[in-house]
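Asker: take this sequence and fold it.
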Amino acid sequence: MKTDYLESVIKQFEYYKMLGEKTFDQIPAEKLFWQYNTDSNSIAIIVKHLWGNMLSRWTNFLTTDGEKEWRNRDAEFENDIASKEEMLQKWQEGWKVFLDTLYALSEADLAQTIYIRHQGHSVMEAINRQLAHYSYHVGQIVFIGKMCAEQWNSLSIPKGNSKQYNADKFSQPKHQEHFTDEFLRKSENNA
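Answerer: Prediction:
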């Protein structure tokens, strides 16, 4: 189960991390702090929220409640990051804590119960909860990035190119995209 579920879900999280990073690369630094209005979030605010959530949920994941006493969730929504570099540091720090924790999990851990705000979740439920949460926010980052970019390079199949994309894919032999060796190596490095 570990090499199926955990490997699959880690690939999904790494994909969403990549989408965020490809968005950051396409927009001017000052646009990372742009807010449509006072009720909306900038990309930097979303990154700060993801960072706070990842640190809280995934620090001592199996042994402490996911909502840490030291977390100040309300402050995560203040637009006070000073630079793109600071934002990227928070992005990388949050993802490192999170992914290192996932790589360190064992098959036996998946059925354990962890708590978030005193609400019990199996480890698998907690991971799935965050998959939905993090992909939701990365989608917001991409959406804002598309509005702020001077010229947007599609992160998926560009409009009007579906037929060509499919023709290219179907002209290649079938192959399985399993990265088991890489997954196992990263898991062993975190053990």
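Asker: switch to C-alpha atoms for all contacts and neighbour counts from now on
Answerer: Fine.
Asker: any weak-confidence spans in the protein?
Answerer: 1-3, 177-191 (pLDDT under 70).
Asker: and the contacts of the host helix or strand of residue 121?
Answerer: Per DSSP states H and E: residue 121 is located in strand 119-122. Here strand 119-122 makes contact (Cα atoms under 8 Å, 6 or more residues apart in numbering) with 110-115.
Asker: which one of the residues you listed has the most neighbours?
Answerer: In terms of neighbour count, residue 114 stands highest of these at 22 neighbours, by other Cα atoms under 10 Å.
Asker: and it, its phi and psi?
Answerer: The phi/psi pair for residue 114 (degrees, to the nearest 10) reads phi -120, psi 170.
Asker: in contact with it, which residues?
Answerer: So residue 114 contacts 61-66, 120-123, 126 (Cα under 8 Å, 6+ apart).
Asker: kindly recompute the last result at 10 Å.
Answerer: 61-66, 120-126 (Cα atoms under 10 Å, 6 or more residues apart in numbering).
Asker: buried ones among those?
Answerer: Neighbour counting with 16 or more other Cα atoms under 10 Å marks 61-62, 65-66, 121, 123-124, 126 as buried within those.
Asker: can I get those residues in JSON lines with distance to residue 49 and secondary structure?
Answerer: As requested, the buried ones among the contacts of residue 114 are exported to JSON lines (distance: Cα to Cα, whole Å; DSSP: H, G, I helix; E, B strand; the rest coil):
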{"residue": "61", "distance to residue 49": "18", "secondary structure": "coil"}
{"residue": "62", "distance to residue 49": "22", "secondary structure": "coil"}
{"residue": "65", "distance to residue 49": "18", "secondary structure": "coil"}
{"residue": "66", "distance to residue 49": "14", "secondary structure": "coil"}
{"residue": "121", "distance to residue 49": "22", "secondary structure": "strand"}
{"residue": "123", "distance to residue 49": "22", "secondary structure": "helix"}
{"residue": "124", "distance to residue 49": "22", "secondary structure": "helix"}
{"residue": "126", "distance to residue 49": "18", "secondary structure": "helix"}
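Asker: kindly reformat the residues you listed as TSV containing distance to residue 162.
Answerer: TSV is the format used below for the buried ones among the contacts of residue 114 (distance: Cα to Cα, whole Å):
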residue	distance to residue 162
61	41
62	43
65	45
66	41
121	40
123	38
124	34
126	35
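Asker: nearest to residue 95, of these?
Answerer: Set against residue 95, the nearest of those by Cα to Cα is residue 61 (14.0 Å).
Asker: need phi/psi at the closest one.
Answerer: Torsion angles at residue 61 (phi, psi; degrees, to the nearest 10) stand at phi -50, psi -50.
Asker: my guess is it contacts residue 99. True?
Answerer: No. The criterion here is Cα atoms under 10 Å, and residue 61 misses it with residue 99 at 11.7 Å.
Asker: helices along this protein, start to end?
Answerer: 7-24, 43-58, 84-104, 123-148, 162-170, 180-189 (DSSP state H).
Asker: packing partners of the second one?
Answerer: Contacts of helix 43-58 with other secondary structure elements, assessed using 3 or more Cα pairs under 10 Å, 6 or more residues apart in numbering; DSSP states H and E, are made with helix 7-24, helix 84-104, strand 113-116, helix 123-148.
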